[in-house]
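Novice: when you get a sec, could you give me coordinates for this:
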Amino acid sequence: MTAAGPARVTLEPPAGRERPAFLVALTHGAGGTPDTPDVLAVATAARRLGAVTALVTQPYRVSGGRAPGSPVRQDAAWAQVVAALNPGGLPLVQCGRSNGARVVCRTASAVHAVGAIALAFPLHPPGKPDKSRDSELRAAGAAGTPVLVINGDRDPFGIPQPDDATRVVVLPGETHALSKNTAAIGEAVAGWLGTLPAIGQAAGA
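Specialist: Got it, this is the predicted structure:
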């Protein structure tokens, strides 16, 4: 339960471990669900490395809405969900696609995430590069949280640029849906998770 209403969560344990080494919370785009091919590819890769994964349907979608509404309200609800999922204080990585990518980047510092994965980050509305959301993407890195961005080279919402805190993987032939090459998504995520000190230490414990 959150201040914006109930969220729905599907938890899956890590592969081959009794206890999870870290938590990955994953969420959807504005009008979608968290069971899209790209999000599931991230979840599978994380579980193979010892994570418990949480597929989160945000409150506005549980109530039947298609638009997330106020970013402040959406972010507050997300922070409440993450807090409820992680009472034991496991290292947290959060992942979102499209609108969800904006959420996980904006809230990374507030929820003390050790990493954020942004799938199909919508850098700007199609055809409107002047309405950039780059500041939302950089919020995580500015607070010291590493970010992995995975975008398709045919994404009409634009492709972010890398910086010291942001690794950008661009997949050829992919659109905003990121639905064709899920193997490449899983490989990119697995490799990047291995570079996070908190995840490497926890997975090896």
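
Novice: what stretches of this protein score poorly on pLDDT?
Specialist: Along the chain, the model assigns pLDDT under 70 to residues 204-205.

Novice: burial of residue 198, as a residue count?
Specialist: Applying other CB atoms under 10 Å, we find 16 residues neighbouring residue 198. To be clear about C-beta, it is placed using only N, CA and C from the backbone, and glycine gets the same treatment.

Novice: ends of stretch 84-92, how far apart?
Specialist: Length of stretch 84-92, first residue to last, CA to CA, to the nearest Å: 12 Å.

Novice: and that stretch, what's buried?
Specialist: 85, 86, 90, 91, 92 (16 or more other CB atoms under 10 Å).

Novice: how about stretch 61-79?
Specialist: 61, 68, 74, 75, 76, 77, 78.

Novice: just stretch 190-205 next, same as before
Specialist: Under 16+ other CB under 10 Å, the buried positions of stretch 190-205 are 192, 193, 196, 198, 199, 200, 202, 203.

Novice: before we move on, what about stretch 19-28?
Specialist: Using 16+ other CB under 10 Å as the test for burial, stretch 19-28 gives 20, 21, 22, 23, 24, 25, 26, 27, 28.

Novice: which ones among those lie within strands?
Specialist: Counting by DSSP state E, these place 22, 23, 24, 25, 26, 27 in strands.

Novice: list the contacts of the helix or strand residue 191 falls within.
Specialist: In this structure, residue 191 sits in helix 182-193 according to DSSP states H and E. For helix 182-193, contacts defined as CB atoms under 8 Å, 6 or more residues apart in numbering pick out 37-38, 40-42, 44-46, 48-49, 93, 115, 117, 119, 146, 148, 150, 167, 169, 171, 178, 199.

Novice: now do the very next helix or strand once past it against helix 182-193, angle only.
Specialist: Using DSSP H and E, the helix or strand that follows helix 182-193 in sequence is helix 197-204. Counting by axes from the mean of the first three to the mean of the last three CA atoms, to 10 degrees, helix 197-204 points 100 degrees away from the direction of helix 182-193.
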